[in-house]
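**Student:** Predicted model and sequence follow; I will ask about them next.
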Amino acid sequence: MNKYSIPLALIILTLLFSCSSNTGETGSSADQNTEVRINKLIAQMTLQEKLGQMSQFDPMQFGSDENAKQAIKEGKVGSMLNIIGAKRVNELQKTAIDESRLGIPIIIGRDVIHGYRTITPIPLGMAASWNPALSSKAMAMAAEEAASEGIHWTFAPMIDVSRDPRWGRIAESCGEDTHLASAMAKAMVLGFQGEDLSDPKTIAACAKHYVGYGAAEGGRDYNTTYIPENLLRNDYLPPFKAAVDAGVATFMSGFNDLNGVPASGNEFTLKTVLREEWGFDGMVVSDWASIAEMIAHGYAADSKEAGFKALRAGVDMEMVSDCYVANVQILLDEGKIDMSIIDKYVANILRVKFRLGLFDHPYTDETLAEKTILSEEHKQIAKEAASESFVLLQNKNNVLPLSKEINSVAVIGPLADAPHDQMGTWVFDGKKENTVTPLTALTNMLGAKKINFAKGLETSRTKTSEGFADAIKAAKKSDAVLLFFGEESILSGEAHSLADLNLRGAQTQLLEAVAKTGKPIVLVIMAGRQLTIEKELDKVDAVLYAWAPGTMGGPALAEMIFGETVPSGKLPVTFPKTVGQVPLYYAHKNTGRPADYNSWTSIDDIPVEAGQTSLGNTSHYLDAGFEPLFPFGFGLSYTTFEYSDLELSSNTMGTDGSIDVSVNLKNAGDRAGIEVVQLYIRDRVGSLTRPVKQLKGFKKVSLTPGETRKISITLNAKDLEFYNGKDYIIEAGDFDIWVGGSSAKGLHDEFSVN
Ligand code: NOJ
């Protein structure tokens, strides 16, 4: 048997069948009209023109815009990425419209991940806001700025459920939870795409990386993923389904090997689930050369086989590599594929171009960028987004907020004035000149006389203590110390995995040296992931986790530190005490021997020459216990909230019913505050074991001092559905329910489904 040993007829049949759900023929007469136009165009296209549509190029592949124009003229280019500037894009577009035989517009893609020029927090920070509406607003702003520079399509949102902070790309994700990631996925798609994709202020979104990329072994980027189908369907696929339901225009197939089949050649995920089950009729683009990379994966012998397998799975457009262009004619001649498949994929691509209105309005208004980019309104949105992303992790003796009456503050640390790093990973277009750092913002707020600045360390990786003396001097002459620590932007993101999650360089030593001054210390951490900061906690008074907060991170931090705003973020990821606990996430299974304090012996208490014993026989670490440093959903405020009177409208629910869950939330302090009320359930017994807790709803609410408000969240039976290996089912049985301010704490009740 040769490597294409699957019977040809079967493949062709399968391919044909896979296309039948992808006709785009339902819907309005406008849709039908579009389908007619698509079919007419395809009927006129040569194979070279079809393959052109299926190819996306980076400008470096052409070397010059002149070469790019020549290829466009010849109908060889359907899309380009990494070209910006309305004028430049318009010139290339003009070549496509006026000089290519069929005048099909090109679509320009770009990684507009968390802002274009006005940068909002990294997606992990946006997820910490637990405010999907705000995330939508931020993405709409990014879309408007990007569109003004000729970009039609962003490769975002990245909605890979991510449970391993060693993985650098956790920064780009919405964190560990399926429900939160799904809510954010929907919000981001709606933000980028708006109500009408042909509106010049909107751009097409791309749900990526389909699928499972976040489960890379050991957190090493691009690594192998093993995700059994029930876990895939219950935990990893729902954010992508939410994106489809929100109308996402495109998908990106990932780099990862998923259960032995690379994501860009995976028929199960791309064809069975995405096209057949979900009815997605947009376009799928491969990740950068991920089709060709199937050779290195050992899934294809050569470029021809890689192209064949990606076609068989259903990847419409190939990013950068040339397995399609180089091999489709041969595959057709050999009868391994049928032209109808190529036509179908070209139709998927053209459909997105029609939805974007590119056929009717191919050009970008060259005057827009100036009016749009970094407008005051956009900076306000960026500030609001940064502010809501901050999570207050510790606030001993209510040291925060500081009073503006303070005589002086020391501003110390490598990230106090790091305009580039504060923007975070995946920023191509943001400029450090436009970033306002904490040092600048604090100086503007308090006046230069009150600020004693000493960097202490040049960067987050600096190991020398040369700058310590100045930092200690600054601390000594100040009433309080603000330490801006964390990691530089380049330490998270693609291919930036880490095996050590402690503060790097000499940051901990600097903190210890400053702590000896006895001054109150506020530690602000900017990072692309959760760092292991247990040993720093008892040396500082307050800890504010600020992720990478973007352009307006400085003013947002200054305002929060001095009480003009209040912290309202909650963790979208579990914080481990030490990297050895990873992966650590709240929605884990219980095991047959769940850990508890009665059965845990700390390593320090084990007797010398202890006899053979299993030390409690439960699932824990002797040295790190079994609890995280901070649980998912955790975050303090400047006030305190009291939860009472948990009520369920009924303690039973049918398999198509719902329950209204309400709680009284009181702001028990004397400051206004914002709380994220979280609803968790546990399905006690299932035909497959179920997680110990699962988030099923949340609401972000503001309360004035002393105010009590009844907060209601509806729990639908559908929220209890899971895939049991065969079907999606809602099983009868008993459930726990908790409502509270984190995954670790909440009022409890129970209900049953019958
Ligand atoms: C590779 C990354 O994995 C993907 O997220 C990105 O969109 C593409 N490169 C394009 O830059």
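**Tutor:** Arrived safely, thanks for sending. For clarity, every value in this text was computed on a predicted model and none was experimentally measured. Numbers count the residues shown, from 1 in each chain.
**Student:** Could you report the neighbour count for the residue in the stretch 651-754 of the chain that the ligand sits nearest to?
**Tutor:** Nearest residue of the stretch 651-754 of the chain to the ligand: Leu695, at 25.9 Å (C-beta to the nearest ligand atom). Backbone N, C-alpha and C define where each C-beta goes, glycine included. Look at Leu695: counted by other C-beta atoms under 10 Å, it has 21 neighbours.
**Student:** Wait, Gly175 touches Thr574, no?
**Tutor:** No. Using C-beta atoms under 8 Å, Gly175 makes no contact with Thr574, being 9.0 Å away.
**Student:** Residues of this structure that sit close to the ligand?
**Tutor:** Within the chain, the residues that sit near the ligand (C-beta under 6 Å from any ligand atom) are Asp111, Phe155, Lys208, Asp287, Trp288, Glu494.
**Student:** Who wins on neighbours among those residues?
**Tutor:** That'd be Lys208 among the residues of the chain next to the ligand, by other C-beta under 10 Å, with 26 neighbours.
**Student:** Phi first, then psi, for that residue.
**Tutor:** phi -140, psi 160 (degrees, to the nearest 10).
**Student:** Show me what the closest residue to it other than its chain neighbours is bridged to.
**Tutor:** Using C-beta to C-beta, 6 or more residues apart in numbering and skipping the chain neighbours, the partner closest in space to Lys208 is Met252 (3.6 Å). On the basis of DSSP bridges, Met252 is bridged to Val285.
**Student:** I'd like the distance between Met252 and Ala43.
**Tutor:** For Met252, the distance to Ala43 equals 29 Å [C-beta to C-beta, to the nearest Å].
**Student:** Contacts only, for Trp278.
**Tutor:** Lys241, Val244 (C-beta atoms under 8 Å, 6 or more residues apart in numbering).
**Student:** and what of Ala127?
**Tutor:** Ser135, Ser173, Cys174, Gly175, Leu180, Ala181, Met184, Pro572.
**Student:** Out of the residues of the chain next to the ligand, flag the one nearest to Leu679.
**Tutor:** Lys208 (28.8 Å; C-beta to C-beta).
**Student:** Okay, helices next: where are they in the stretch 651-754 of the chain?
**Tutor:** Per DSSP state H, counting those that start in this stretch, the stretch 651-754 of the chain carries no helices over any range.
**Student:** any idea where the strands of it begin and end?
**Tutor:** 652-653, 658-667, 673-683, 694-703, 708-716, 722-723, 728-729, 733-742, 745-753 (DSSP state E, counting those that start in this stretch).
**Student:** could you check the angle strand 708-716 makes with the last one?
**Tutor:** Taking axes from the mean of the first three to the mean of the last three C-alpha atoms, to 10 degrees, one finds that strand 745-753 is oriented at 40 degrees with respect to strand 708-716.
**Student:** Make sure Thr372 is actually in contact with Ala143.
**Tutor:** No. If you go by C-beta under 8 Å, Thr372 and Ala143 don't touch, sitting 10.3 Å apart.
**Student:** if you count what's nearby, which of the two comes out ahead?
**Tutor:** Remark: of Thr372 and Ala143, Ala143 carries more neighbours, 25 against 21, as counted by other C-beta under 10 Å.
**Student:** any idea how far that one lies from Lys396?
**Tutor:** For Ala143 relative to Lys396 (C-beta to C-beta), the value is 42 Å.
**Student:** the bottom helix or strand of the protein by mean pLDDT?
**Tutor:** helix 8-20 (a mean of 36; mean pLDDT, DSSP states H and E).
**Student:** hang on, the earlier thing: just the contacts of Ala127 now: which is nearest the ligand?
**Tutor:** Using C-beta to the nearest ligand atom, these come closest to the ligand at Ser173, 11.2 Å.
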